[in-house]
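# Return atomic coordinates for the entry below.
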Amino acid sequence: MQELSMHIWDIAENSLKADSKRIKIKLRLDLKMDKLLIAVSDNGNGMDELTLACAADPFFTGSKGRGNGLGLALFKQAAELSGGSFEISSKGLGKGCLVKGEFMYSHIDRAPLGDMAATMAQLICLNDKVVFEYVFSVNESEMQLSSDKITALSGGLPLNKPQVIEFVSDFIKDMMSKVSDEIY
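Numbers count the residues shown, from 1 in each chain. As a prediction, the model looks like this:
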């Protein structure tokens, strides 16, 4: 994967496969510390200790007969190649999961962020039964978006309607550009 937004998509897909009903995606850029933190948490099935220990192994997959298990391994590699770190945790079965990657923001090998507006719009609009929360911050400035608030603001309009998809994408682009001119 060439862009971090695609890693985020992949991790969110893992959360969906784990029956998550709430997924929080957080990007925090600290320019003073030269760090970009990406965290994806969910309230899905969680992992037992054995699965957790193997989750970032490129030859391990939790899917039966599907997938190749490379997503977390590639995310870990991307973080470590940029002078950062990777962490995955779960408090046990039925208690969700947290995946974090920290990247040195200015590192020459840090992958570009990619189109987070499109990524979030697609995740939200293709999974209307799941509450997605997106938090983006640069230093002390922060924006937040939650799919349940979008539903409330739209008067209950289904999230997969073209005008909702366009609104979500435009809103995220606008808010991210207001929070930081560093990203776009």
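
# helix or strand right after the lowest-mean-pLDDT helix or strand in the chain?
Scoring the helices and strands of the chain by mean pLDDT, DSSP states H and E places helix 49-54 at the bottom, with a mean of 82. Next in sequence after helix 49-54, counting helices and strands by DSSP states H and E, comes helix 70-81.

# partners of the helix or strand following that following helix, with directions?
Tracing the chain past helix 70-81, the next element assigned as helix or strand by DSSP H and E is strand 85-89. Sheet pairing here is set by DSSP bridges, and for strand 85-89 it gives strand 97-104 (antiparallel).

# What is the burial count for E13?
When neighbours are defined as other Cβ atoms under 10 Å, E13 has 14 of them. C-beta coordinates here come from the backbone N, C-alpha and C atoms, glycine included.

# That one and L123: what is the separation?
Distance of E13 to L123, given as Cβ to Cβ, to the nearest Å: 9 Å.

# can you check A18 too?
Relative to L123, A18 is positioned 15 Å away (Cβ to Cβ).

# Using the centroid of this structure, identify the residue furthest from it.
Relative to the C-alpha centroid of the chain, counting by Cα atoms, centre = their mean, G155 is the outermost residue, at 26.5 Å.

# that's a strand at that one, yeah?
No. Judged by DSSP: H, G, I helix; E, B strand; the rest coil, G155 forms no part of a strand; its state is coil.

# Which residues are in contact with it?
By Cβ atoms under 8 Å, 6 or more residues apart in numbering, the contact set of G155 is empty.

# How many residues are close by the nearest residue to S141 once chain neighbours are set aside?
Leaving aside its sequence neighbours, S141 sits nearest to V179 (Cβ to Cβ, 6 or more residues apart in numbering; 4.6 Å). The number of residues packed near V179 is 19, by other Cβ under 10 Å.

# Which pLDDT value belongs to the residue farthest from the centre of the chain?
pLDDT, G155: 78.

# can you point me to the longest helix in this structure?
The residue-count maximum for a helix in the chain (DSSP state H) belongs to helix 162-179.

# In the protein, where is pLDDT below threshold?
In the predicted model, the chain carries pLDDT under 70 at residues 1, 59-69, 180-184.

# the more surrounded of A18 and L123?
L123 (22 against 18).

# buried residues in the helix or strand harbouring that one?
L123 belongs to helix 116-126 when assigned by DSSP H and E. Using 16 or more other Cβ atoms under 10 Å as the test for burial, helix 116-126 gives M116, A117, A118, T119, M120, A121, Q122, L123, I124, C125.

# Kindly report the same for stretch 136-150.
F136, S137, V138, M143, L145, S146, S147, I150.

# In helices, which of those fall?
Here DSSP H is the test, and these give S147, I150 as lying in helices.

# Let me know the secondary structure of the residue lying closest to L81 once chain neighbours are set aside.
In this structure, L81 finds its nearest non-sequential neighbour in D109, 4.6 Å apart by Cβ to Cβ, 6+ apart. State at D109, reduced to three classes by three-state DSSP: coil.
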